[in-house]
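*Asks:* got a sequence here, can you build the structure:
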Amino acid sequence: MNNLQNRGPNQNRPPNPDEEPNQGLFSSRLTWILLLLVLGVMLVIHQLQQPAGKVIPYSELKEKVTAGKVESVTFKEQQKIILAEPTEEALKEAREGTDKEFDVWRTVRVEDDESLVPLLDENNVEVEAQYDPGCDGSFFWIWIAPLFVLFLLWSFFMRRMSGMGGPNSPAMQFGKSKAKAYKEEGTGVTFDDVAGCEEAKAELAEIVEFLQEPEKFTRLGGKVPKGVLLVGPPGTGKTLLARAVAGEADVPFYNLSGSDFVEMFVGVGAARVRDLFEQAQNSAPCIIFVDELDAIGKQRGAGGYQGNDEREQTLNALLVEMDGFDSRSGVILLAATNRPEILDPALLRAGRFDRQVGVDRPDKRGRLAILKVHARSIVVSDDVDLSIVAAQTPGFVGADMANLVNEAALMAARKSKDAVEMTDFQEAIERVIAGLEMKSRRLNEKEKDIVAYHESGHAIVAGALEEADPVHKVSIVSRGIGALGYTLQVPLEDRYLMTRNELRDKICGLLGGRAAEQIIFGDISTGAANDLQRVTDIAKRMVRDYGMSDTLGNVSYGDDSKGGMNPFAGKEYSEDTAITIDREVHELIDDLYGKTVAILEKNRDLLEEMAEHLKENEVLEGDELGEMLGRVLPFEKAADGNVEPRSTARGTAAPESKLEPTSEPESAEDAGSE
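*Replies:* Prediction:
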């Protein structure tokens with residue numbers, strides 16, 4: 001898509017009173033052209049005044065005089081040049097050779113008149129002297145022209161440095177806004193190109209209506225919000241929505257990032273903010289879109305120290321400008337961020353960003369709509385069911401769906417297909433989730449056994465638990481940078497809440513690989529490193545954040561310092577509470593690990609059968625996988641309702657992350673060796 005960038009936001013905008021006409025010495029382009037033309041003409045005249053003739057050495061001239069080949073000699077006194085006219089015989093001889101246009105000899109005069117003049121008299125050569133002062137302009141070229149050129153250069157650089165050219169000079173442009181203005185034909189995006197966020201589109205449709213028919217709202221005294229903040233995870237289409245608003249309203253669209261305001265020099269960002277709003281008011285109605293607002297909108301004073309740095313000055317200027325410009329002027333400020341929790345409260349108060357529009361991850365219907373939008377640009381086979389693809393991609397955002405469609409098209413092109421088939425979409429899903437298939441990575445037999453039993457343990461435990469997500473595929477083919485195998489679990493529907501039993505079953509499924517290794521080999525490997533990190537994270541959330549511990553009760557001990565607002569803030573609970581949290585986490589994981597071991601021991605024959613199938617075929621899916629999981633014996637509690645743990649699985653705390661609905665491939669440490 002070719003963006004048509006205009007030279008200005010409005011070609012018919014009124015003149016800016018701050019813009020002064022270029023005045024001063026040598027400020028007009030016509031003056032510079034005339035000066036260069038005069039210099040060129042004088043240079044040509046100087047070249048034409050140079051005497052013609054073939055240049056020869058002074059000694060050779062004396063030889064030709066002695067040989068009787070010179071008819072007459074003319075001394076140019078002012079130019080210190082000697083012109084020697086040859087005899088007819090010498091001229092004829094020269095023209096028969098290489099000097100076709102030869103007519104006279106020329107040489108530089110040497111102060112040797114005592115020997116040359118007697119030699120000329122001795123050979124009866126006619127001598128003439130000419131004196132024409134100033135005819136060659138040597139004084140001008142030696143003295144006047146260099147000084148004139150130096151003066152021109154000096155005036156040019158002084159004009160650039162001092163800003164004599166007015167606000168359009170580079171020095172004055174330093175504080176100008178870098179915003180790019182696009183018309184509707186430049187954005188080329190409408191609401192038809194945006195899918196998966198119908199609520200956000202409906203909210204922004206009012207902004208479009210105001211820009212097109214402002215009198216509909218102002219006749220009753222109403223005011224449209226000055227600012228609208230788009231909030232959502234990366235890749236959900238916030239920037240696309242902003243472009244669509246400008247495209248629907250057919251108004252100028254100022255697009256820039258928050259980082260464009262921040263420079264090394266203090267005050268530049270604030271100047272650019274003021275310049276941006278000034279341009280926008282001259283182009284009203286229009287839209288200003290600031291992407292990554294958190295680059296300049298972070299809470300002031302956060303970080304453990306106070307200061308008045310460039311970013312804070314830029315934020316202060318933005319706050320003042322949003323208070324200053326009139327909402328009836330038709331200027332709408334749209335901004336986007338995926339970190340609203342770190343924004344300054346003054347930025348979010350009423351009168352500035354009055355509305356916050358959530359652009360969340362799309363549900364199944366939203367993903368299907370996004371797939372249909374991106375599928376327009378590729379050739380899709382008749383066997384492709386996009387609803388199945390949408391069901392198998394929970395948690396994907398718009399950018400992920402676009403990448404998925406592109407990967408499917410590339411895979412079909414590699415195989416020289418005429419259209420993208422369903423198998424290409426299935427492979428693209430696995431590639432996006434687990435990475436590129438690494439068939440060149442060969443495992444030895446011992447490592448292959450460990451990975452096969454590890455992945456079989458995941459699948460069987462998931463099949464034995466009621467609250468676990470269904471298993472769609474089990475593979476021991478290496479993928480990505482370090483994944484040696486993976487178990488793909490896809491939920492039947494989109495989920496927004498998870499119960500305690502669901503989280504407990506999720507932990508059991510993640511511990512299935514480690515438990516299978518211990519049961520079969522009597523030893524454990526590094527293959528469960530990623531599993532243990534996720535298990536520890538889920539267990540800590542259950543105990544500390546979700547109040548799912550009977551000992552701690554309905555209390556949340558979440559650490560506010562993880563929000564990034566103040567890295568120097570400590571925990572808001574005592575050391576005794578921290579010890580209790582750690583103990584509860586260990587007891588929870590140990591209890592569920594014992595439950596996982598009991599499930600696998602009860603299904604040991606099926607575990608060995610599935611592992612042998614994987615070692616032979618590397619992949620287990622479809623009807624074969626369904627038939628095996630259909631023979632899994634469900635878990636039954638003991639009489640007292642408890643399971644005696646057989647071992648402990650200790651892990652380290654992982655960084656805070658969202659609970660993904662699909663299982664991750666084994667980590668780079670899954671090779672079975674340190």
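*Asks:* can we go C-alpha only for contacts and neighbour counts from here?
*Replies:* Noted.
*Asks:* residues in contact with residue 231?
*Replies:* With contacts defined as CA atoms under 8 Å, 6 or more residues apart in numbering, residue 231 is in contact with 238, 336, 337, 338, 339, 340, 356, 357, 358, 359, 360.
*Asks:* next, it: phi, psi?
*Replies:* phi -120, psi 130 (degrees, to the nearest 10).
*Asks:* next: residue 90.
*Replies:* The main-chain torsion angles of residue 90 are listed as degrees, to the nearest 10 and equal phi -70, psi -40.
*Asks:* that one and residue 356: what is the separation?
*Replies:* If you measure residue 90 against residue 356 using CA to CA, to the nearest Å, the figure is 99 Å.
*Asks:* go on, residue 188?
*Replies:* For residue 188, the distance to residue 356 (CA to CA) stands at 25 Å.
*Asks:* okay, now the residue nearest to residue 64 when sequence neighbours are not counted: neighbour count?
*Replies:* Spatially, and ignoring its direct neighbours in sequence, residue 64 is nearest to residue 70 (6.4 Å; CA to CA, 6 or more residues apart in numbering). Applying other CA atoms under 10 Å, we find 27 residues neighbouring residue 70.
*Asks:* what bridges to residue 70?
*Replies:* According to DSSP bridges, the residues that bridge with residue 70 are residue 86.
*Asks:* now do residue 334
*Replies:* Applying DSSP bridges to residue 334 gives these bridge partners: residue 228, residue 289.
*Asks:* surely it touches residue 244?
*Replies:* No - the pair formed by residue 334 and residue 244 falls short of the contact definition of CA atoms under 8 Å, at 11.8 Å.
*Asks:* which residues does residue 549 contact?
*Replies:* Neighbour list for residue 549: 542, 543, 584 [criterion: CA under 8 Å, 6+ apart].
*Asks:* what about 10 Å?
*Replies:* 500, 539, 542, 543, 555, 581, 584, 585, 588 (CA atoms under 10 Å, 6 or more residues apart in numbering).
*Asks:* quick one on the thing from earlier: pretty sure the residue nearest to residue 64 sits against residue 119.
*Replies:* No - distance between residue 70 and residue 119: 11.4 Å, which falls outside the contact criterion (CA atoms under 10 Å).
*Asks:* and for those two, which residues touch both?
*Replies:* Taking CA under 10 Å, 6+ apart as the contact rule, the neighbours common to residue 70 and residue 119 are 62, 125.
*Asks:* per-residue confidence averaged over the helix or strand harbouring residue 287?
*Replies:* Residue 287 is located in strand 286-291, with elements delineated by DSSP states H and E. Rounded to a whole number, the mean pLDDT of strand 286-291 is 87.
*Asks:* packing partners of that strand?
*Replies:* Contact analysis of strand 286-291 by 3 or more CA pairs under 10 Å, 6 or more residues apart in numbering; DSSP states H and E lists strand 180-182, helix 198-212, strand 227-231, helix 238-249, strand 253-257, helix 268-282, strand 331-337 as its packing neighbours.
*Asks:* the fourth one - contacts with which helices or strands?
*Replies:* Think helix 238-249. Identification of packing neighbours for helix 238-249 by 3+ CA pairs under 10 Å, 6+ apart yields strand 180-182, helix 184-187, helix 198-212, strand 227-231, strand 253-257, strand 286-291, strand 331-337.
*Asks:* hey, what's the most centrally placed residue in the chain bridged with?
*Replies:* Nearest residue to the geometric centre of the chain (CA atoms, centre = their mean): residue 257, 10.8 Å. Judged by DSSP bridges, the bridge partners of residue 257 are residue 291.
*Asks:* now do the same for it: its pLDDT.
*Replies:* For residue 257, the model assigns a pLDDT of 80.
*Asks:* with residue 481 instead?
*Replies:* Per-residue confidence at residue 481 stands at 60 (pLDDT).
*Asks:* go on, residue 418?
*Replies:* Residue 418 is assigned a pLDDT of 91 by the prediction.
*Asks:* next one: the one 4 residues further on
*Replies:* Here the pLDDT value assigned to residue 422 is 92.
*Asks:* got it, and residue 333?
*Replies:* What the model reports for residue 333 is a pLDDT of 87.
*Asks:* what of residue 453?
*Replies:* In this prediction, residue 453 carries a pLDDT score of 94.
*Asks:* burial count for it?
*Replies:* Applying other CA under 10 Å, we find 30 residues neighbouring residue 453.
*Asks:* how close does it sit to residue 498?
*Replies:* Using CA to CA, one obtains 29 Å as the distance from residue 453 to residue 498.
*Asks:* just residue 345 next, same as before
*Replies:* Noted for residue 345: a distance of 31 Å to residue 498, by CA to CA.
*Asks:* same question, residue 597
*Replies:* Taking CA to CA, one finds residue 597 at 24 Å from residue 498.
*Asks:* neighbour count for the two, which is higher?
*Replies:* More crowded of residue 597 and residue 498, by other CA under 10 Å: residue 597, with 26 against 10.
*Asks:* which residue packs closest to that one, ignoring adjacent ones?
*Replies:* In space, residue 597 comes closest to residue 515 once its chain neighbours are excluded; the distance is 5.5 Å by CA to CA, 6+ apart.
*Asks:* host element of that neighbour?
*Replies:* When elements are assigned from DSSP H and E, residue 515 belongs to helix 500-521.
*Asks:* which parts of that helix are buried?
*Replies:* Residues 502-518, 520 are the ones in helix 500-521 that count as buried (16 or more other CA atoms under 10 Å).
*Asks:* now the lengthiest helix in the chain: buried residues?
*Replies:* Longest helix of the chain, by residue count under DSSP state H: helix 575-602. Neighbour counts using 16+ other CA under 10 Å place 580-582, 584-586, 588-600 of helix 575-602 among the buried residues.
*Asks:* go on, stretch 107-118?
*Replies:* By neighbour count on 16+ other CA under 10 Å, the buried set for stretch 107-118 is 107, 108, 109, 116.
*Asks:* make a markdown table from those and add secondary structure and distance to residue 230 to it.
*Replies:* Written out in a markdown table, the entries for these read as follows (DSSP: H, G, I helix; E, B strand; the rest coil; distance: CA to CA, whole Å):
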| residue | secondary structure | distance to residue 230 |
| --- | --- | --- |
| 107 | strand | 83 |
| 108 | strand | 82 |
| 109 | coil | 85 |
| 116 | helix | 95 |
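*Asks:* from those residues, which one has the minimum pLDDT?
*Replies:* Looking at pLDDT alone, the buried residues of stretch 107-118 dip lowest at residue 109, where the score is 72.
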